[in-house]
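J.: Model the following, please.
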Amino acid sequence: MSSNRRNFLRNITLGTSAIVSGLPAIAGQSDPESSIDKGPIQAEKSPSFNMCGYAAPKLDKVRIGFVGLGMRGPGAVERMSFIEGVEIKALCDKYPDRVSSAQKILEKAGLPKAKEYSGDTGWKAMCESKDLDLIYITTPWDLHTPIAVYAMNNGKHAATEVPAAMSIDECWELVETSERTRKHCMMLENCCYDFFELLTLNMARNGLFGEVLHAEGAYIHDLVSLNFNKKGYADMWRLKENIKHNGSLYPTHGLGPIAQCMNINRGDQLEHLTSMSTNDFTMAAKAKELAATDPFFKPFENQRYRGNMNTTLIRSVKGKTIMVQHDVSSPRPYSRIHLVSGTKGIASKWPDPARIAFGHGWIKEAEFKSLEEKYTPPIVKHIGEIAKSVGGHGGMDFIMDWRLIDCLRNGLPLDQDVYDAALWSSIVPLSESSVNNRSRTVEIPDFTRGNWITNVPVNLTLDGGATTTVRKKSAEKGAKQL
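T.: Okay, here's the model as predicted:
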């Protein structure tokens, strides 16, 4: 285990300077100093290579292998089938029938059949293949880091569904592997590419909100029926995660877009957090109800489930604050909140409709449309309408996939790098640590190891890119070729 993951130096300012080693304990072990306000955790060694702003060598064709063809995988295969410059070379899932089903997507698109991998370790053989450039990971959460690390160690870029990691050790493993191999590790945070989120990012970048001082994000989505559906997540894996962990299990949909608005990892850094969860008032009751008539659910009865609502509060080095909420087991309307508040104005997406204010009242629709026309970023103007036609959560998934491929083909830095993947994912174990310690403060590692001070914010132009087209086949879904 590398010292980068095990040894940290912490600078504490309490009138005088002192150095303390160690990281607040995870999973229920209390730390008597965890409530003290300290600076961000720093790794002992400097990074071997800074992946922020790194442009990998251009790839004329991006040869992709997909692993995980259950919930998210087939949609990703279909979206990528529309993008020129993509070769879908391999398909992998634990269950062979899912691989066969995904082959039909390629056949429908008029594309060659992909090589098939299956079984518990089929992904290893796929990552070892010599004819792949990118491994696209849509598996259960506990496999995201192992597969991404194995892919990078075998010379492949990695793109993984959220969260990218489930522990601090895994976060550091992703960072160190990406730096050592100089292979990209992108977390597929699609919400960063939703239309209003991109609009507010560009407005924030142009100073319309003034100094952004507070932001809020969430993942509030009633998944009780899906989590208890025997035909839902394979082997009931997501329900099991709600038994194993009690914290903010899925923070990145809400956190990612607002972190970009606040230039986190690129001018500011998350410093410490405190997290609190309610008790569980629905999941154990649901398990008991189902077990009364179906023996399949007996193992899920009398389990201790995560609390319904988790609220995590985060403070940055520059004194900004963030609230992130997570609730997938209460009967509430879907919400990611997406609130960006500054010294001059505010934007908020949920509850609908999306709104903007520069004073005490929300602006009128005509002014909103004017701002939207002026500050919609180039990527939306370039690919947005086609993305809506192709689909994927209203188009944001396709924008994300297209942008990833266009960056790889043109040798451009990615919008989301491995430090974002690690930092945003670290909220999972760190929030759990705080919850298990009566909401005491937990420090947040600086995965950039100081480079956040000089790292450049995400580029919103398409300079050097936008050369990747959409296949004519996509016209059948209402999109036009670029």
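
J.: Report the central residue of the protein.
T.: Nearest residue to the geometric centre of the chain (CA atoms, centre = their mean): E189, 3.6 Å.

J.: so who does that residue touch?
T.: V162, T252, H253, G256, P257, M400, Q416, D420, W424 (CB atoms under 8 Å, 6 or more residues apart in numbering). Just so you know, the C-beta spots here come from the backbone N, C-alpha and C atoms, and that holds for glycine as well.

J.: The third one in helix, strand or coil?
T.: On the three-state scheme (DSSP: H, G, I helix; E, B strand; the rest coil), H253 is labelled helix.

J.: Count residues in the vicinity of A284, would you?
T.: 18 (other CB atoms under 10 Å).

J.: so it sits in a helix?
T.: Yes. The assignment for A284 is a helix, going by three-state DSSP.

J.: tell me the contacts of it?
T.: Counted by CB under 8 Å, 6+ apart, A284 has contacts E301, N302, Q303, R304, Y305.

J.: okay, the residue lying closest to G392 once chain neighbours are set aside: pLDDT?
T.: Leaving aside its sequence neighbours, G392 sits nearest to F398 (CB to CB, 6 or more residues apart in numbering; 4.9 Å). Predicted confidence (pLDDT) for F398: 98.

J.: And for N436?
T.: On the pLDDT scale, N436 gets 98.

J.: Mind checking what secondary structure H214 has?
T.: strand.

J.: D222 now?
T.: coil.

J.: Where does the closest residue to it other than its chain neighbours fall, secondary structure wise?
T.: Computed as CB to CB, 6+ apart, the closest residue to D222 that is not its neighbour in sequence is P331, at 5.6 Å. Taking DSSP states H and E as the definition, one finds P331 inside no helix or strand.

J.: coming back round to it: using CSV, list the CA coordinates for the strand or helix carrying the residue nearest to G392.
T.: For F398, the enclosing helix or strand under DSSP H and E is helix 396-410. The C-alpha trace of helix 396-410 is given here as CSV (Å, rounded to 0.1, in the frame of the first residue of the first chain):
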residue,chain,number,x,y,z
MET,A,396,-27.3,14.8,-21.0
ASP,A,397,-25.9,11.2,-21.3
PHE,A,398,-25.2,11.6,-25.0
ILE,A,399,-23.6,15.0,-24.5
MET,A,400,-21.3,13.4,-21.9
ASP,A,401,-20.4,10.4,-24.2
TRP,A,402,-19.9,12.6,-27.3
ARG,A,403,-17.6,15.0,-25.3
LEU,A,404,-15.5,12.1,-23.9
ILE,A,405,-15.0,10.7,-27.4
ASP,A,406,-14.3,14.0,-29.0
CYS,A,407,-11.7,14.8,-26.3
LEU,A,408,-9.9,11.5,-26.8
ARG,A,409,-9.9,11.8,-30.6
ASN,A,410,-8.5,15.3,-30.5
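
J.: which element follows it toward the C-terminus?
T.: In N-to-C order, the element after helix 396-410 by DSSP H and E is helix 418-436.

J.: Remind me what that next one packs against, helices and strands.
T.: If contacts are counted by 3 or more CB pairs under 8 Å, 6 or more residues apart in numbering; DSSP states H and E, helix 418-436 sits against helix 168-181, strand 185-187, helix 252-261, strand 270-277, strand 310-316, strand 442-443.

J.: want to throw those into TSV with mean neighbour count, mean pLDDT and distance to M236?
T.: Shown next, in TSV, are the helices and strands packed on helix 418-436 (neighbours: other CB atoms under 10 Å; pLDDT from 0 to 100; distance: least, CB to CB, whole Å):
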stretch	mean neighbour count	mean pLDDT	distance to M236
helix 168-181	22	98	22
strand 185-187	28	98	24
helix 252-261	28	98	22
strand 270-277	23	98	21
strand 310-316	22	99	21
strand 442-443	26	98	30
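
J.: hang on, A90 in a strand?
T.: Yes. Assessed by three-state DSSP, A90 belongs to a strand.

J.: and the closest residue to it other than its chain neighbours, what does it touch?
T.: Once flanking residues are discounted, A90 sits nearest to G65: 3.5 Å by CB to CB, 6+ apart. Contacts here follow CB under 8 Å, 6+ apart; on that basis G65 touches 89-92, 117, 126-127, 129, 132, 134-136, 156.

J.: Output those as a markdown table; include the columns pLDDT, neighbour count and distance to H326.
T.: Formatted as a markdown table, the contacts of G65 follow (pLDDT from 0 to 100; neighbours: other CB atoms under 10 Å; distance: CB to CB, whole Å):
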| residue | pLDDT | neighbour count | distance to H326 |
| --- | --- | --- | --- |
| K89 | 98 | 20 | 36 |
| A90 | 98 | 25 | 33 |
| L91 | 98 | 30 | 32 |
| C92 | 98 | 30 | 30 |
| Y117 | 98 | 23 | 33 |
| M126 | 98 | 26 | 32 |
| C127 | 98 | 25 | 31 |
| S129 | 97 | 16 | 37 |
| L132 | 98 | 23 | 34 |
| L134 | 99 | 24 | 29 |
| I135 | 99 | 27 | 27 |
| Y136 | 99 | 28 | 25 |
| K156 | 98 | 24 | 31 |
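
J.: hang on, the earlier thing: and the helix holding F398, what other elements does it pack with?
T.: strand 62-67, helix 73-80, helix 378-390.

J.: among those, which is nearest A291?
T.: Of all these, it is helix 73-80 that lies closest to A291, at 30.4 Å by CB to CB.

J.: Now do that closest one and helix 396-410, the angle between them.
T.: 60 degrees (axes from the mean of the first three to the mean of the last three CA atoms, to 10 degrees).

J.: residues making contact with helix 73-80?
T.: 64, 66-67, 69, 86, 88, 91, 93, 98, 101-102, 105-106, 109, 136, 138, 390-392, 397-398, 401, 405.

J.: angle of that helix against helix 378-390?
T.: 120 degrees.

J.: Between the two ends of stretch 116-124, how far is it?
T.: 12 Å (CA to CA, to the nearest Å).

J.: re earlier: and of the contacts of E189, the nearest to D222?
T.: For the contacts of E189, the nearest to D222 is H253 (14.7 Å; CB to CB).

J.: Distance-wise, check the closest one relative to W123.
T.: Distance, H253 to W123, by CB to CB, to the nearest Å: 25 Å.

J.: Please apply the same query to A366.
T.: Distance from A366 to W123, by CB to CB: 52 Å.

J.: quick one: low-confidence parts of the chain?
T.: 1-47, 472-482 (pLDDT under 70).

J.: Which stretches in the stretch 1-150 of the chain count as helices?
T.: 3-6, 73-80, 96-108, 122-128, 144-153 (DSSP state H, counting those that start in this stretch).

J.: Of the ones you listed, which is nearest K381?
T.: Ranking these by proximity to K381 (CB to CB) places helix 73-80 first, at 19.7 Å.

J.: Lovely, talk soon.
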